[in-house]
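Participant: Could you look at this predicted model? Sequence included:
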Amino acid sequence: MAEISYINENEFTAKVLESELPVLIDFTAAWCGPCKMVSPLVEELAGEWDGRALVYKMDVDVNQATPMQFGVMGIPALLLFVNGEVAARVTGYKPKKQLQKAFEPHF
């Protein structure tokens with residue numbers, strides 16, 4: 001499993017919107033039970049996607065403007081950005097196979 005870094009709103013444009021690789025953002029919060037359930041799956045995917053995609057987490061309690069900008073209404077919310085655009089979105093806990101099916105066709 002890969003250790004996933006947290007990013008903040010100041011880093012979002014450079015690390016996500018301007019990235020040459022697809023970027024998955026896990027919008028999360030420390031108090032969120034389903035977020036804790038999906039986190040190990042996201043870490044596994046980050047390891048499997050090494051070199052093909054980047055994966056970051058963003059704490060929605062600390063960074064509120066970015067989730068609002070992209071219509072994140074519930075967490076966990078996983079958004080895949082390709083060329084600065086949202087290419088795929090999964091909200092709530094889903095099994096790993098469903099996450100792979102949603103995101104991997106985009107890279």
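Facilitator: Perfect, thanks for sending it. Numbers count the residues shown, from 1 in each chain.
Participant: Would you mark the buried spots in stretch 31-48?
Facilitator: Residues 32, 35, 38, 39, 41, 42, 43, 45, 46 are the ones in stretch 31-48 that count as buried (16 or more other CB atoms under 10 Å). For the C-beta atoms, the positions are set from N, CA and C on the backbone; glycine is no exception.
Participant: beta partners of residue 86?
Facilitator: Per DSSP bridges, the residues bridged to residue 86 are residue 81.
Participant: where along this structure do the strands fall?
Facilitator: Using DSSP state E, the strands found in the chain span residues 23-28, 54-59, 77-82, 85-91.
Participant: Dump the ones you listed into a markdown table; add distance to residue 71 and mean pLDDT as well.
Facilitator: Output for these, formatted as a markdown table (distance: least, CB to CB, whole Å; pLDDT from 0 to 100):
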| stretch | distance to residue 71 | mean pLDDT |
| --- | --- | --- |
| strand 23-28 | 11 | 98 |
| strand 54-59 | 14 | 98 |
| strand 77-82 | 9 | 98 |
| strand 85-91 | 8 | 98 |
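Participant: Contact partners for residue 38?
Facilitator: Residue 38 is in contact with 26, 76, 78, 93, 94, counting by CB atoms under 8 Å, 6 or more residues apart in numbering.
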